[in-house]
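**Q** heads up, no residue letters with this:
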């Protein structure tokens, strides 16, 4: 199954509610993710641009988009970024395919013409 990185920033109201009633939000999102056929690999609270980073395995892009839409539509987050991830083996396969696809950048023709 494909992996996805979900980066979430909470609203100030959400932070106020969590401070008043601390809770593990991984438990809150686990069931909806599993209902879509996915599972949480790992999750971290963070500080900086994003407050939470969650890596999921989802069956497909549509399911990953669905959970991202549910997160965004719930009103507890001010921003959300979902990034598809590849394993190292998948990245190596992509690199091999890139080397064999025959693409020639315009800069290659320009360099050849100026030589």
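**A** Arrived safely. Predicted model, so just to flag it, every value in this text is computed and none were measured.
**Q** torsion angles phi and psi at residue 50?
**A** When quoted as degrees, to the nearest 10, the phi and psi of residue 50 stand at phi -120, psi 150.
**Q** quick one, what contacts it?
**A** Residues in contact with residue 50 (C-beta atoms under 8 Å, 6 or more residues apart in numbering) are 7, 8, 9, 79, 81. (C-beta placed from N, C-alpha, C; glycine too.)
**Q** residue contacts, residue 63?
**A** So, once contact is read as C-beta under 8 Å, 6+ apart, residue 63 ends up touching 36, 37, 38.
**Q** export those to JSON lines and tack on pLDDT and secondary structure?
**A** Below are the contacts of residue 63 laid out as JSON lines (pLDDT from 0 to 100; DSSP: H, G, I helix; E, B strand; the rest coil):
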{"residue": "36", "pLDDT": "98", "secondary structure": "coil"}
{"residue": "37", "pLDDT": "98", "secondary structure": "coil"}
{"residue": "38", "pLDDT": "98", "secondary structure": "coil"}
